[in-house]
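# The amino acid sequence is not available; the structure is as follows:
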């Protein structure tokens, strides 16, 4: 499986493109901007984008979707609890960036906790990890010992919970249940910033490691 990493959009979002080498079918996680760069990469690789799977629907993770869909007819997939966040995205763009965007893309089918998504030899388990937003999910590749975790968890940090639909206690609980239950050697790919591992966060993340709490 070919995996490409791009940093895209106004808030430097980590975007990932999977390309199955035989069929050249491609999926993408969190295309938050730079649609032209994404389309150029797909063209260079001779790949065909068929599916967009998102960890959540904050505007910095979805801005490129309409342009990608227009160019490729790729389907869009999101957890159903994220629908209010998706609906709010045009207002968020107006507030943060000062320009009009919308309407938001329509969801073709909803991701569910426990789903297994298969592209060639890649299998991704969908895990619901609410708290940063109601419908945040992560994608776990057990065979590859890695997970794409969106904005639920960062290197020595965690997603903000002060936006509409956020819940700090819920996010901490979900991280412990759905991320820290993975083995320490799993690589974690956050929605922003550097990559990390489960073990590093278990030992060094002050937001989720009780031994590091102050007070």
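Everything's here; your move. Given the structure is predicted, the values throughout are model-derived calculations rather than measurements.
# C-alpha from now on. contacts and neighbour counts both.
Fine.
# Identify the residues contacting the helix or strand bottoming out on mean pLDDT in the chain?
None of the helices or strands of the chain scores lower by mean pLDDT, DSSP states H and E than helix 83-97, at a mean of 93. Helix 83-97 is touched from outside by 57-59, 99-104, 133, 135, 164-165, with contacts defined as CA atoms under 8 Å, 6 or more residues apart in numbering.
# Just give me the residue right at the centre of this protein.
When CA atoms, centre = their mean is applied to the chain, the residue found nearest the centroid is residue 55 (3.2 Å).
# tell me the SS of it?
The assignment at residue 55 comes out as coil when based on DSSP: H, G, I helix; E, B strand; the rest coil.
# go on, residue 23?
When classified by three-state DSSP, residue 23 comes out as coil.
# That one and residue 135: what is the separation?
Distance from residue 23 to residue 135, counting by CA to CA, to the nearest Å: 31 Å.
# quick one: which of these two has more around it?
residue 135 (24 against 12; other CA atoms under 10 Å).
# distance of the more buried one from residue 63?
Distance of residue 135 to residue 63, computed by CA to CA: 18 Å.
# repeat for residue 201
For residue 201 relative to residue 63 (CA to CA), the value is 29 Å.
# do the same with residue 27
Noted for residue 27: a distance of 16 Å to residue 63, by CA to CA.
# Have a look at these two and say which one is more surrounded.
Ranked by neighbour count (other CA under 10 Å), residue 27 and residue 63 place residue 63 first, with 27 against 21.
# So that one: helix, strand or coil?
Residue 63 - assigned by three-state DSSP - is coil.
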